[in-house]
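Colleague: 3D model of this:
(one chain, ligands or ions: 1)
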Amino acid sequence: MYEMGKAEIDAVIKVLKSRQFMRYRGGEGGFTETFERDLCAKFNVAHALTVNSGTSALICALAAMGVGPGDEVIVPAYTWVASALAPLAVGAVPVIADINDTLTIDPADIERKITKYTKAIIPVHMINLACDMNAIMKLAKKYKLLVCEDACQAVGVSYRGKRLGTIGHTGAYSFNQYKNITCGEGGAVVTNDDRTYERSLMYHDAGSFTRNYASSVKEPFFPGVNYRVSEVQGAIMGEQLKRLDGILAKLQERRKIMVDIFAGTNKFKVAEHNAEADAVGLAIIFDSQKEAQAFTKKHKTGLLIETGRHVYTNWEPLLEQRSFHPKMNPFNWTQRKVVYTRDMCKPTLDILARAMNIGTPYNLNLKDVKAFAKKLIA
Ligand SMILES: Cc1ncc(COP(=O)(O)O)c(C=O)c1O
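Modeller: Alright, predicted model coming up:
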């Protein structure tokens, strides 16, 4: 969590005093609705729907886009496990692709992994780093694929003038406690497509067909789930959104100082960024695993390979193709045999064993940021 303060506390008190916690019980103009309107305006996107987590946002987006049984969805080998599990929740299966030195999905490997059953790609903007969206959208166009950007770890970050999440057909954000803006647990789906938005409304709320907006929805309602948020979350997010650009600017300022200092070392490289002008995330890469290990030992830090469920080799429930019920197992519905092995993405494992996230020191003043960066290259 970067910032949380009086504005959020006051907003929550307002909700509590109103005794109106459910977003669809209070009529128009509630806290959540206001947050969504402000998010759309700030991110220049037509629709936003707040949901109860980033995982829900991914699932809701895939369901809304019509991804389902028999479909394959390409996901990166380095991401929080939820990006790979979301396709399973709608009956599809993930196909795992390598990352490259940008620490995001490698467009060349996406193209190698496309089959006639591929329906969508989930590029993941890890640790505030942007995927190569130009290349990915070109592939999507060429092969007629849908793109759901997982911007859970990069809320608000821009890529060549657009906010991540608004470039693909859908985007998913997480507002859990570790994200750029937060309400503890939460998320959002964004899209510029009216039909996809209506379908995400239907999916996220089992009671959607009884809501005020139901008469304007253009297709028959299908049964949904409950991914709704309460007005408490909506109220907090309204205030967090006002802080977002300030948070990102502070991260960028610190990143730039560190990158300039890192230019003076040949011990490691700053991970290449797909949109350097807008860069917020900062990771470094060593030439060899030996050098990487010596560095982390000296500075008591960790490598990306050690980040547990962010690395595909630790996704046992998926690798073993398990399901909560044998008849609901999406691997029974694939149109070809999808096989996972622990060494299927060797380039990713090599990169992660040489790479480190330099969590930009948000709370240090600029003088201390410089001292911190200099210490890392000493
Ligand atoms: C890349 C990525 N995708 C999806 C998620 C899921 O978000 P949530 O924890 O809000 O469900 C996360 C959360 O950590 C994430 O980092």
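Colleague: give me the element Y173 is part of.
Modeller: strand 170-174 (DSSP states H and E).
Colleague: what is the rounded mean pLDDT of the helix or strand following that strand?
Modeller: Next helix or strand after strand 170-174 toward the C-terminus (DSSP H and E): strand 187-191. For strand 187-191, mean pLDDT is 99.
Colleague: Contacts for strand 187-191, please.
Modeller: Applying Cβ atoms under 8 Å, 6 or more residues apart in numbering, the set of residues contacting strand 187-191 from outside is 36, 39-40, 43, 45-57, 60-61, 64, 152, 165-166, 169-176, 197, 200, 204. (Each C-beta comes from the backbone N, C-alpha and C, glycine too.)
Colleague: Excluding covalently adjacent residues, which one is nearest to T313?
Modeller: R342 (5.2 Å; Cβ to Cβ, 6 or more residues apart in numbering).
Colleague: Emit the PyMOL select command for whichever of the contacts of strand 187-191 are buried.
Modeller: Only the buried members of the contacts of strand 187-191 enter the following PyMOL selection, criterion being 16 or more other Cβ atoms under 10 Å:
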select buried, resi 36+39+40+43+45+47+48+49+50+51+52+53+54+55+56+57+60+61+64+152+165+166+169+170+171+172+173+174+175+176+197+200+204
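Colleague: can you narrow the contacts of strand 187-191 to ones near the ligand?
Modeller: S53, G54, T55, C152, S174, N176 (Cβ under 6 Å from any ligand atom).
Colleague: would you list those in JSON lines and tack on pLDDT?
Modeller: Listed next are these as JSON lines, based on pLDDT from 0 to 100:
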{"residue": "S53", "pLDDT": "98"}
{"residue": "G54", "pLDDT": "98"}
{"residue": "T55", "pLDDT": "98"}
{"residue": "C152", "pLDDT": "98"}
{"residue": "S174", "pLDDT": "98"}
{"residue": "N176", "pLDDT": "98"}
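Colleague: ok, of those residues, which one's closest to the ligand?
Modeller: G54 (2.5 Å; Cβ to the nearest ligand atom).
Colleague: give me phi/psi at that closest one?
Modeller: phi -70, psi -40 (degrees, to the nearest 10).
Colleague: Show me how this protein divides into domains.
Modeller: Residue ranges for the domains of the chain, per automatic domain parsing: 6-241, 244-309+345-377.
Colleague: so of those, which one's packed in deepest?
Modeller: domain 6-241 (a mean of 21; mean count of other Cβ atoms under 10 Å).
Colleague: can you give me the end-to-end distance of that domain?
Modeller: 14 Å (Cα to Cα, to the nearest Å).
Colleague: L318: how many residues sit nearby?
Modeller: 20 (other Cβ atoms under 10 Å).
Colleague: So which residues on the protein come close to the ligand?
Modeller: Proximity of the chain to the ligand, by Cβ under 6 Å from any ligand atom, involves residues 53-55, 79-80, 82-83, 124, 150, 152-153, 174, 176, 187.
Colleague: please redo it, this time with the cut-off set to 5 Å
Modeller: Listed as neighbours of the ligand in the chain under the rule Cβ under 5 Å from any ligand atom: 53-55, 79-80, 82-83, 124, 150, 152-153, 174, 176.
Colleague: Filter the contacts of strand 187-191 down to just the ones in strands.
Modeller: If you go by DSSP state E, those have H47, A48, L49, T50, V51, T170, G171, A172, Y173, S174 in strands.
Colleague: Isn't the fourth one up against C183?
Modeller: No: applying Cβ atoms under 8 Å, one finds T50 not in contact with C183, separated by 9.2 Å.
Colleague: and S174, what is it in contact with?
Modeller: By Cβ under 8 Å, 6+ apart, the contact set of S174 is S53, G54, T55, A57, C152, Q153, V155, G186, G187.
Colleague: Grab the nearest non-local neighbour of the first one.
Modeller: Of all residues not flanking S53 in the chain, G187 sits nearest, at 4.8 Å (Cβ to Cβ, 6+ apart).
Colleague: same question, the third one
Modeller: Excluding its sequence neighbours, the residue lying closest to T55 (Cβ to Cβ, 6+ apart) is A82, at 4.2 Å.
Colleague: Enumerate every residue touching the one you found.
Modeller: By Cβ under 8 Å, 6+ apart, the residues touching A82 are G54, T55, L58, C152.
Colleague: now do N212
Modeller: Y24, G27, E28.
Colleague: Hmm, which of those residues is lowest in pLDDT?
Modeller: For those, the pLDDT minimum is G27, 71.
Colleague: pretty sure that one is in a helix, no?
Modeller: No: read with DSSP: H, G, I helix; E, B strand; the rest coil, G27 is coil and lies in no helix.
Colleague: contacting residues for it?
Modeller: N212.
Colleague: ok, back up a step: so in that sheet, which strands flank the strand holding Y173, and in what orientation?
Modeller: Sheet partners assigned to strand 170-174 using DSSP bridges are listed as strand 146-150 (parallel), strand 187-191 (antiparallel).
Colleague: Pull the distance from that strand to the chain's centre.
Modeller: Here strand 170-174 is found 6 Å from its chain centre; the criterion is Cα atoms, centre = their mean, to the nearest Å.
Colleague: What of stretch 80-100?
Modeller: That offset, for stretch 80-100, works out to 12 Å (Cα atoms, centre = their mean).
Colleague: again, but for stretch 299-314
Modeller: On Cα atoms, centre = their mean, the centre of stretch 299-314 falls 18 Å from the chain's centre.
Colleague: Can you get me the start-to-end distance on that stretch?
Modeller: Stretch 299-314: ends 25 Å apart by Cα to Cα.
Colleague: got a list of contacts for it?
Modeller: Here stretch 299-314 makes contact (Cβ under 8 Å, 6+ apart) with 77-81, 84, 96, 103, 126, 283, 292-293, 295-296, 315, 319, 342, 344-345, 348-349, 351-357, 375-376.
Colleague: Narrow those to those in strands?
Modeller: Using DSSP E to define strands, the subset of the contacts of stretch 299-314 located there is I96, A283, A355, M356, N357.
Colleague: In a markdown table: those, plus pLDDT and distance to E8.
Modeller: Listed next are the ones in strands among the contacts of stretch 299-314 as a markdown table, based on pLDDT from 0 to 100; distance: Cβ to Cβ, whole Å:
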| residue | pLDDT | distance to E8 |
| --- | --- | --- |
| I96 | 98 | 38 |
| A283 | 97 | 30 |
| A355 | 98 | 34 |
| M356 | 97 | 32 |
| N357 | 97 | 27 |
